[in-house]
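Asker: quick one, structure for this:
(chains A and B)
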Number of protein chains: 2
Amino acid sequence: MRFTPMLRNAPATAKRSAHPQPLGWANTLGTSSASAALKERVQRPAYLNRMASAEELAPLFKVRTLSTFFFDSGAEYPSLRGYIGWSGFTGVGYPKTVPTAIANYIEKNNLQADPATKRKFNLFVGASCGPEVEERWAKNDMIARRYPHQVGKEIAKGINEGRIEFADKHLSMFPQDLTYGYYNLHKKHGDPKKPLDWAIVEATAITEEGHIVPGASVGATPEILQSAEKIIIEVNTAIPNLTGLHDINQSFVPPNRLPYIISAPQDRIGKNAIPIDPDRVVAVLESKMPDNTGQNAPETEDSRAIAKHLIEFLSAECAAGRLPASLLPLQSGIGNVANSIIGGLAEGPFENIMVWTEVLQDTFIRFFDSEKLKFATATSIRFSPEGFDHFYKNWANYKDRLLLRSQQVANSPEIVRRLGVIAMNTPLEVDIYAHANSTCALGSRMLNGIGGSADFLRNAKLSIMHTPSARPTKTDPTGISCIVPFATHVDQTEHDLDIVVTEQGLADVRGLSPRERAPVIIQKCAHPDYRDLLMDYYERSLHECLKRGSGHEPHMLRNAFKMHLNLMEKGTMKIDKWD
Amino acid sequence: MRFTPMLRNAPATAKRSAHPQPLGWANTLGTSSASAALKERVQRPAYLNRMASAEELAPLFKVRTLSTFFFDSGAEYPSLRGYIGWSGFTGVGYPKTVPTAIANYIEKNNLQADPATKRKFNLFVGASCGPEVEERWAKNDMIARRYPHQVGKEIAKGINEGRIEFADKHLSMFPQDLTYGYYNLHKKHGDPKKPLDWAIVEATAITEEGHIVPGASVGATPEILQSAEKIIIEVNTAIPNLTGLHDINQSFVPPNRLPYIISAPQDRIGKNAIPIDPDRVVAVLESKMPDNTGQNAPETEDSRAIAKHLIEFLSAECAAGRLPASLLPLQSGIGNVANSIIGGLAEGPFENIMVWTEVLQDTFIRFFDSEKLKFATATSIRFSPEGFDHFYKNWANYKDRLLLRSQQVANSPEIVRRLGVIAMNTPLEVDIYAHANSTCALGSRMLNGIGGSADFLRNAKLSIMHTPSARPTKTDPTGISCIVPFATHVDQTEHDLDIVVTEQGLADVRGLSPRERAPVIIQKCAHPDYRDLLMDYYERSLHECLKRGSGHEPHMLRNAFKMHLNLMEKGTMKIDKWD
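Answerer: You can find the predicted model right below:
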């Protein structure tokens, strides 16, 4: 037994000499400053020699250079800014104290007022973080680039006003593209094999090997850690030690990749913690800030109507023998429709349901408690504060029926297709041929990003989009039709969707040609205020296109966006006529 | 040994009594009519008792009822027409004699002239067939519905004139959707567990078990056979017995699906032949008609320039350590650019190249012969007649370096992603933010269908679209710009593409935001005749959208299709100004 700590510490010390320690405080602190709670969580004592305060760390996040010029178009390309990765997914499991201290430091020293001191970072996170860090960074104009997903008014504003470069990527692909080196192609500083300068991650425990047990999300944290030169770990002692909740597999790069040997949601292929090189850990600190989640979106009459249509449809599929009586693993997005569907299933006719999804929200607690849900796996648990309270208090009830994986696995096309997942997501708009816009209002204004919608919808056995048929504008309670002639941005193609459902009804477009799809989608799904208008678009388009022998997917390109243009000018999509 | 044939035949005979034999000739013919060549190919003697001539079979293909009404829109929905599946992929391995005899019969009896006798079928084939059958059927208006891909003027005409219902589906998904029952949702006759009434397939041999050894394509043949009530086999004795060329795995339906245990292109997971229930074989006949392939598209100056840009890019990726020296498995589409790329690789700097693709064309012979190509796997070999001659004559040189799989496996997202395939395909047009149109000219006129392009481009490690920068119209040699403001049909999204390349240059959009992508794509890829026009579109859009806080992906929706509308009216995309 005496031998163990030596084995554990000696190589780290030996190797560390080869890695210059950039942080001066490392040896000035010590285990003495660690709380009892922290000591219990950190099973690798050597890390406690690297303790630091968030305030000490904040000034280290400097900007290497403000900007350079990209290509010869003259566009600014902030390639040389600091490259930072955070843990976090759907506002859960993100680092809180260091990002907050950095923002404090910048605000206190008024650094953003002067271009010479202004700090702007390239920020990579699996998905969204809590508003107190991400929104604050955006408000302070501290974000030069932010991939691949975000949530929040301030960050969306920065993106849409041109201050933040943003690209949304399928969430299954973002982590692998990071490890491929696709996000540091223009980074000129640091180790070229390490796409990120810094990883700042939250842990709920650290193993003897120095590996990281995440909080209630895994997301892209494994690949962010793998990609970073320097690692800062915030051990959150306000959240329970979640050891055992996660299944962490290693992420390989082709040509050395192997199958994911998963054939059911409960299958485990990995370990409890994220492996890292301990020598790259430059600071450990204790955090006590909870995940700053809000309430889930409340159900509405429309969301309940949509859920009812869907549960009827799933029942009919079972009756026809196209689905087993316990369905197939479900993926359900975030939002009130998702809440209504899961709520409906908790009271519905199906037993022993399995869930293979990206994120769990509050209604899953009810679903678990109904005993209808047999097992759920995701990459994140995004409960409300009350939801988390209940969940952690009743941990014993849930722990054997739940597993969190990395987003590369949770959203993997391989597994989604293999399991035959039933995928359900909300778009901004769907067009009459079943292309869907999941991201950009009026083709240009980014909301949150594509997230995992296309990972699931492309590969699911049943690909379902649910949306209210219309949304209000300031002047018209049904000013926006969610069924449109031509989607102003296409994230999901007609080759991907099986079912479109609104509170009006459900359109089953499986096996239908575009000319068959359009009348079904319009008649079943469009709001009555728009039904005739859309049928008129379709019929005129059909007539014109057949006449010139191009009627496979009839359109009048001159009018394709007329409803949208009317919305921009007059606050409603209701137009008088097409020509 | 005496026991073997009894075991082989007895159960088949016993079971056959439970399946009424619909074909009256079955016992009137016999092995006596089989040629020596056929007897050598058919290792299951019982099948030789089911020999029939194509002329006998032709009248059996009746239409159950001409049409019914679909939904309450009044649209015609030919759900009750005969459901037929054929083997075949990219014009190779399709049945020839029976489809030809059916067309002969219909023409001879002038059946199409009278609605009471008119015959129209729902036709399902993995991809395209030879023109002498598919084009002839289309010309005779014998096709009510045709999924999921096609090639030919007559069939495209039928689709675009509204006579043929067509829906293009990702080629990896079509076979599974067929087995899921998604294409017979509205079929009211026959066994509901069998989506197809008939499968007509070509074989080059039949095993003792009665299983089918395909020709030079596998495609969707396994699932078409699995889905059919009645099977007709054309054994083609003019093509060599290709036993050993194929790797046929079983196709499962969720929740009983397992990983494909493939981690390199040469890995085998199946058998040499397609398993079928011998009792469903209602007729066997000999065919001597070769695959009716044409010449490959000749290289051009532009295609060579594109290949040059690409090979330079791949070399740079190797130098940067993002690709191994032997690259990663290649997928290359059909056409002259693909020919130039493969030709270029045959003379290029890379050794031990592997290919994981959908279809091989003639240049692969040169690639094999160069010894630079180590192994290739696909779902179809589409050589020219001379190419096939050379290939079959030198079979010993190729047989150990080549494998054909079903399209569900060849195009599988699972394997494409795992292997890190380098995917290269040609679109009709790409927009300034890297959405691509692979299917519909001017948004409405179907060319061939999406094929496997999105299977590969979504999942590849490097997703490359190559196109000439401009195409001619009748009046303007550069009347069509292949770089456009807004793709008139989106098959590949901005979330899927890494590289856009034309003869002008290569745009590497990995890691770039939409605002960074547009100038790069325009400056590197657009034809000089359109460069300023497109930059003007982008800059005006940027200005307008930033002003109203919606500048993530700037567009002027009113002008998004202006270049296309100008093309429709004036034969060129060159417009004078945007507003």
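
Asker: from residue A:220, how far off is the residue positioned nearest the centre of chain A?
Answerer: Centrality entry for chain A: nearest residue to the mean C-alpha point is residue A:127, 3.7 Å, by C-alpha atoms, centre = their mean. Applying C-beta to C-beta, to the nearest Å, the value for residue A:127 to residue A:220 is 8 Å. (C-beta placed from N, C-alpha, C; glycine too.)

Asker: repeat that for residue A:109.
Answerer: To residue A:220, residue A:109 is 31 Å away according to C-beta to C-beta.

Asker: residue A:254 - that's part of a helix, no?
Answerer: No: counting by DSSP: H, G, I helix; E, B strand; the rest coil, residue A:254 falls outside a helix, being coil.

Asker: surely it and residue B:419 touch.
Answerer: Yes: counting by C-beta atoms under 8 Å, residue A:254 touches residue B:419, with 5.9 Å between them.

Asker: wait, the residue nearest to the centre of chain A sits on residue A:219?
Answerer: Yes: under the criterion of C-beta under 8 Å, residue A:127 makes contact with residue A:219 at 6.1 Å.

Asker: overlap in contacts of these two?
Answerer: Residues touching both residue A:127 and residue A:219 by C-beta atoms under 8 Å, 6 or more residues apart in numbering or on different chains: A:88-89, A:380, A:407.

Asker: overlap between these and the residues near chain B?
Answerer: When C-beta under 8 Å from any C-beta of the partner chain is applied, no member of the shared contacts of residue A:127 and residue A:219 is adjacent to chain B.

Asker: and these, which is closest to residue A:302?
Answerer: Using C-beta to C-beta, residue A:380 comes nearest to residue A:302 of the shared contacts of residue A:127 and residue A:219, at 26.0 Å.

Asker: so what's that closest one bridging to?
Answerer: Using DSSP bridges, the bridge partners assigned to residue A:380 are residue A:217, residue A:359.

Asker: wait, isn't it in contact with residue A:220?
Answerer: No: here residue A:380 lies out of contact with residue A:220, judged by C-beta under 8 Å, at a distance of 10.9 Å.

Asker: packing partners of the helix or strand containing residue A:396?
Answerer: Per DSSP states H and E, residue A:396 falls inside helix A:395-398. Judged by 3 or more C-beta pairs under 8 Å, 6 or more residues apart in numbering or on different chains; DSSP states H and E, helix A:395-398 is in contact with helix A:363-369.

Asker: next SSE after the helix it packs on?
Answerer: Once the chain leaves helix A:363-369, the next helix or strand it forms, by DSSP H and E, is strand A:373-378.

Asker: now do the same contact list for the residue in the stretch 401-550 of chain A that chain B sits nearest to.
Answerer: Nearest residue of the stretch 401-550 of chain A to chain B: residue A:420, at 2.5 Å (C-beta to the nearest C-beta). Listed by C-beta under 8 Å, 6+ apart, the contact set of residue A:420 reads A:328-329, A:460-461, B:253-255, B:257.

Asker: next up, phi/psi of the nearest residue to residue A:500 once chain neighbours are set aside, please.
Answerer: Computed as C-beta to C-beta, 6 or more residues apart in numbering or on different chains, the closest residue to residue A:500 that is not its neighbour in sequence is residue A:507, at 4.6 Å. For residue A:507, the backbone dihedrals (degrees, to the nearest 10) come out as phi -100, psi 120.

Asker: what sits against residue A:507?
Answerer: By C-beta under 8 Å, 6+ apart, the contact list for residue A:507 reads A:499-501, A:517, A:520-521, A:524-525.

Asker: report how many residues lie close to residue A:331.
Answerer: Residues lying near residue A:331 (other C-beta atoms under 10 Å in any protein chain shown) number 30.

Asker: span of stretch A:227-244 from start to end?
Answerer: 24 Å (C-alpha to C-alpha, to the nearest Å).

Asker: anything in it near chain B?
Answerer: No: using C-beta under 8 Å from any C-beta, we find that stretch A:227-244 stays clear of chain B, coming within 13.0 Å at best.

Asker: repeat that for stretch A:129-140.
Answerer: No: counting by C-beta under 8 Å from any C-beta, no contacts exist between stretch A:129-140 and chain B, the nearest distance being 13.5 Å.

Asker: so where is chain A shaky, pLDDT-wise?
Answerer: Chain A contains residues with pLDDT under 70 at A:1-32, A:63-81.

Asker: quick one: which of the shared contacts of residue A:127 and residue A:219 sit in helices?
Answerer: Those of those mapping onto helices are residue A:407, per DSSP state H.

Asker: out of the shared contacts of residue A:127 and residue A:219, which end up buried?
Answerer: By neighbour count, with 16 or more other C-beta atoms under 10 Å in any protein chain shown, the shared contacts of residue A:127 and residue A:219 hold A:88-89, A:380, A:407 as buried.

Asker: which among these gets closest to residue B:148?
Answerer: Of these, the one sitting nearest to residue B:148 (C-beta to C-beta) turns out to be residue A:407, at 30.4 Å.
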